[in-house]
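Undergrad: Structural data only, the sequence is not supplied:
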């Protein structure tokens with residue numbers, strides 16, 4: 001199983017904001033911190049905002065901040081919002097499936113069970129748990145932020 005960059009970046013944005021909860025962060029700042037595309041991060045932030053994980057304040061002094069307490073953001077819920085689907089193999093999609101053995105194959109049920117177990121583990125953890133499990137110097141690992 002491989003998470004999309006969209007899901008990966010969603011978790012990174014939330015970790016960044018959780019590590020620096022006292023301030024707004026611009027998408028450029030987030031992009032610089034991780035060395036990734038600002039264009040991609042704009043779409044990630046839009047997803048997170050539409051799901052109520054972050055709040056976006058427009059304007060010159062605007063930015064992104066967590067919309068909820070870190071203890072109220074479940075990792076599994078973030079991934080469900082950020083991943084386009086969890087179709088591990090072709091036969092998970094009835095319309096696109098071309099596998100000739102799918103009517104008789106037992107693999108789909110096992111993979112489905114594994115996927116649900118994966119998400120169940122992630123549902124047990126919150127953003128607060130991730131921060132708590134991170135090194136205390138997590139925020140210092142991001143690029144220094146210049147003050148205006």
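TA: Alright, I've got the coordinates. Everything quoted here is computed from the prediction, not taken from an experiment. Numbers count the residues shown, from 1 in each chain.

Undergrad: Let me see the backbone angles for the closest residue to residue 139 other than its chain neighbours.
TA: Of all residues not flanking residue 139 in the chain, residue 19 sits nearest, at 4.0 Å (CB to CB, 6 or more residues apart in numbering). In short, each C-beta sits where N, CA and C put it, glycine included. Backbone torsions of residue 19, given as degrees, to the nearest 10, read phi -80, psi -20.

Undergrad: got it, and residue 113?
TA: On the backbone of residue 113 - angles per degrees, to the nearest 10 - the values are phi -60, psi -40.

Undergrad: okay, it: pLDDT?
TA: pLDDT for residue 113: 96.

Undergrad: Next, work out how far apart it and residue 32 are.
TA: As defined by CB to CB, to the nearest Å, residue 113 lies at a distance of 41 Å from residue 32.

Undergrad: The two: which has the busier surroundings?
TA: residue 32 (15 against 10; other CB atoms under 10 Å).

Undergrad: tell me the SS of that one?
TA: State at residue 32, reduced to three classes by DSSP: H, G, I helix; E, B strand; the rest coil: helix.

Undergrad: Residue 30 and residue 16 touch, don't they?
TA: Yes. Contact criterion CB atoms under 8 Å: residue 30 and residue 16 qualify, at 5.9 Å.

Undergrad: Please say which of the two ends up with more neighbours.
TA: Shown here are residue 30 and residue 16; by other CB under 10 Å, residue 30 has more neighbours (23 against 18).

Undergrad: give me every residue that touches that one.
TA: 12-13, 16, 38, 41, 45, 64 (CB atoms under 8 Å, 6 or more residues apart in numbering).
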